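**Q** no sequence for this one, just the structure:
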DNA sequence: TGATATGTTATCTT
DNA sequence: CAAGATAACATATC
């Protein structure tokens, strides 16, 4: 679930929470998530470090560390939530900050009542625990254990960053840039390019479908068959959709329930994702679901050509 | 029981 | 060699 809006939302909330906190201890319960480092070395590298600031590249959350590598002076803890990762910050006192994949409440509690597994930490899906000196804690939970935490110095981070295309929401990502990228892949289906992080950083399956609907373009359309005016529309659409999603708290999961029990922010705005078989919100047709490059793909046949 | 799942990468198969 | 398809990661849900 976490695409650009979700990770960005998490970053903003976490920024306030963890900035200037100093790491006191680290517990790695599932060492695979910190590969290639061993649990021990991973922990050692983090202990004593202060969180200076937060950043995001594509769908990766970055925490800048104080001491960093001796040579480069910069150090970053990079966190990728992949499909089911979740970060929970528990202050010594006060509300939890949660970002990423939601976890359901216990079976005996209806949705919206209580905080479910989220309130009982750590639990069986908690794989990394970072304790700060002020008594607060950051938990990394991940049901499917696809996510990871890595430590980068400035150089290796730059290398990682170079593997991604420009940020979808950056000003540099304009029509000219978009055209330039698309031009190289005339025979590709448009959705595949939208979700390719090497070309555009931040768009995942959900927002790709939503953006295509917004632009009236079928996800399966070949790039060479898309007019310039449509390319422009698609550009405006994915920017608009991503920004709206961020403003709504970046929620895109249909199972997401916030701590206060309110349904997630962006769900009501979904036009096609997860709505297969339901009536299109623009016309009277039904939303269809197909498989495109191995991913579920949703569109309205009459609104999207 | 089997199909499906939001991300990414490795490894097969054309 | 390259594009495309599929498996893999590990678990839960419908």
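**A** The structure has been received and is ready for your questions. Quick caveat, the model's predicted, so the values are computed rather than measured. Numbering: from 1, shown residues only, chains lettered A, B, ... in the order given.
**Q** tell me the confidence at the residue of the stretch 101-250 of chain A found nearest DNA strand B?
**A** Among the residues of the stretch 101-250 of chain A, residue A:204 lies nearest to DNA strand B; the distance is 2.0 Å by Cβ to the nearest atom of the strand. In this view, the C-beta of every residue, glycine as well, is placed from N, C-alpha and C. pLDDT, residue A:204: 92.
**Q** ok, now which ones touch it?
**A** For residue A:204, the set of contacting residues under the criterion of Cβ atoms under 8 Å, 6 or more residues apart in numbering consists of A:2, A:3, A:4, A:59, A:195.
**Q** from DNA strand C, how far off is it?
**A** Here residue A:204 is placed at a distance of 14 Å from DNA strand C (Cβ to the nearest atom of the strand, to the nearest Å).
**Q** next one: residue A:266
**A** As judged by Cβ to the nearest atom of the strand, residue A:266 and DNA strand C stand 19 Å apart.
**Q** isn't that residue right next to residue A:5, touching?
**A** Yes. Distance between residue A:266 and residue A:5: 7.2 Å, which falls inside the contact criterion (Cβ atoms under 8 Å).
**Q** who has more neighbours out of these two?
**A** residue A:5 (29 against 26; other Cβ atoms under 10 Å).
**Q** that one and residue A:239 touch, don't they?
**A** No. Between residue A:5 and residue A:239 there is no contact, the gap being 11.5 Å when judged by Cβ under 8 Å.
**Q** surely residue A:7 is in a helix?
**A** Yes. With DSSP: H, G, I helix; E, B strand; the rest coil as the criterion, residue A:7 is located in a helix.
**Q** my read: it touches residue A:62, true?
**A** No. With contact defined as Cβ under 8 Å, residue A:7 does not count as touching residue A:62 (10.0 Å).
**Q** need the residues touching each of those two.
**A** Among the neighbours of residue A:7, those also in contact with residue A:62 (Cβ under 8 Å, 6+ apart) are residue A:56.
**Q** who has more neighbours, those two?
**A** Neighbour comparison, residue A:7 and residue A:62: the larger count goes to residue A:7, with 27 against 19 (by other Cβ under 10 Å).
**Q** from residue A:270, how far off is the more buried one?
**A** As defined by Cβ to Cβ, to the nearest Å, residue A:7 lies at a distance of 18 Å from residue A:270.
**Q** quick one, what contacts residue A:298?
**A** Going by Cβ under 8 Å, 6+ apart, the list of residues near residue A:298 reads A:209, A:213, A:272, A:273, A:274, A:275, A:276, A:287, A:288, A:289.
**Q** now those as TSV including distance to DNA strand C, secondary structure and neighbour count?
**A** What follows is those, written out as TSV (distance: Cβ to the nearest atom of the strand, whole Å; DSSP: H, G, I helix; E, B strand; the rest coil; neighbours: other Cβ atoms under 10 Å):
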residue	distance to DNA strand C	secondary structure	neighbour count
A:209	17	helix	30
A:213	22	helix	27
A:272	19	coil	26
A:273	16	coil	24
A:274	11	coil	16
A:275	15	coil	20
A:276	12	coil	15
A:287	17	strand	22
A:288	18	strand	17
A:289	14	strand	17
